[in-house]
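A.B. asks: Give the three-dimensional model of this entry:
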Amino acid sequence: MYPDSLKNLIESFKFLPSVGEKTAERFAFSIFDLDDDQIQLFKDSLDDVRNKVHPCSICNVLTENDICSICSDEFRSSNILCVVEDVKSVFLFEKIGMFKGKYHVLNGLISPLDGINPEDIGIDKLLDRIHNENFDEIIFAFKPSIEGETTSLYIKKILDGLPLKITKIANGVPIGADMEYVDSLTLERALSDRKIIE
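C.D. replies: Numbers count the residues shown, from 1 in each chain. Sure, this is the predicted structure:
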């Protein structure tokens with residue numbers, strides 16, 4: 001019932017997570033309320049994100065430069081590394097403003113049932129970094145799940161014997177929760193109450 005162009009736009013919005021038919025229709029019709037400058041900004045922003053944004057060569061945080069602003073910040077502590085499963089987790093911690101160390105972003109978590117093995121999530125790059133930089137503490141900030149525990153224990157086993165304090169965020173984060181849905185107070189408490197991994 002819609003013109004093809006409008007139908008294609010609705011289908012395009014449905015590519016986004018949690019966007020169903022009604023939300024996609026609402027987004028598509030809202031485009032008619034935008035002026036030419038806003039439409040151009042929208043188009044340019046999509047192109048820029050696709051063509052300019054890429055992972056930092058050191059930590060995998062999204063950036064438009066070779067090295068992200070976190071890795072290049074001389075005022076951040078270079079002896080503590082927070083390992084996260086995805087880029088969104090870094091931005092969550094940065095919004096809190098409590099953590100002043102460095103980050104390393106993996107490409108997900110180990111999940112043999114889903115066919116995701118250690119070599120699939122970039123652990124080699126993390127290990128190279130740990131061996132080449134002078135970290136005193138490694139924090140695992142993964143969601144509390146079987147995959148999170150598996151990944152933590154796998155990396156810890158490899159690091160056994162190194163003079164490192166290895167911790168994980170406290171379990172104030174509910175089991176099975178996605179990090180992006182955890183409120184900032186719970187996340188802050190989980191980070192400050194982190195536990196040594198036995």
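
A.B. asks: hang on, Glu74 is in a helix, isn't it?
C.D. replies: No - inclusion of Glu74 in a helix is not indicated when DSSP: H, G, I helix; E, B strand; the rest coil is applied; the result is coil.

A.B. asks: what pLDDT does it get?
C.D. replies: Model confidence at Glu74, expressed as pLDDT, equals 93.

A.B. asks: same check, this time on Leu187
C.D. replies: pLDDT, the model's per-residue confidence, is 74 for Leu187.

A.B. asks: One more: Gly115?
C.D. replies: Reported pLDDT at Gly115 in the predicted model: 91.

A.B. asks: Ok, Ser192 next?
C.D. replies: pLDDT, the model's per-residue confidence, is 73 for Ser192.

A.B. asks: What segments of this protein are helices?
C.D. replies: When assigned using DSSP state H, the helices of the chain occupy the ranges 4-13, 21-30, 36-52, 87-96, 123-132, 146-159, 184-192.

A.B. asks: would TSV of these with mean neighbour count and distance to Leu113 be doable?
C.D. replies: (C-beta placed from N, C-alpha, C; glycine too.) Output for those, formatted as TSV (neighbours: other CB atoms under 10 Å; distance: least, CB to CB, whole Å):
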stretch	mean neighbour count	distance to Leu113
helix 4-13	13	31
helix 21-30	14	31
helix 36-52	10	32
helix 87-96	16	22
helix 123-132	14	18
helix 146-159	17	9
helix 184-192	16	26
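
A.B. asks: Export those helices as JSON lines, with columns for distance to Tyr103.
C.D. replies: Putting the helices of the chain into JSON lines (distance: least, CB to CB, whole Å) gives the following:
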{"stretch": "helix 4-13", "distance to Tyr103": "31"}
{"stretch": "helix 21-30", "distance to Tyr103": "32"}
{"stretch": "helix 36-52", "distance to Tyr103": "20"}
{"stretch": "helix 87-96", "distance to Tyr103": "5"}
{"stretch": "helix 123-132", "distance to Tyr103": "11"}
{"stretch": "helix 146-159", "distance to Tyr103": "15"}
{"stretch": "helix 184-192", "distance to Tyr103": "12"}
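
A.B. asks: so which of those gets nearest Asp114?
C.D. replies: When these are compared by CB to CB, helix 146-159 sits nearest Asp114, at 8.4 Å.

A.B. asks: can you list contacts of the closest one?
C.D. replies: Around helix 146-159, the neighbours that count as contacts under CB atoms under 8 Å, 6 or more residues apart in numbering are 83, 85, 106, 109-112, 118, 121, 123, 126-127, 130, 138, 140, 142, 166, 168, 197.

A.B. asks: Could you do stretch 84-91 as well?
C.D. replies: Counting contacts by CB under 8 Å, 6+ apart, the residues outside stretch 84-91 that touch it are 55, 60-62, 70, 93, 103-106, 108-109, 141-143, 148, 151, 179-180.

A.B. asks: among those residues, which ones are buried?
C.D. replies: The neighbour count (16 or more other CB atoms under 10 Å) marks 60-61, 70, 93, 103-106, 108-109, 141-143, 148, 151, 179 as buried among the contacts of stretch 84-91.
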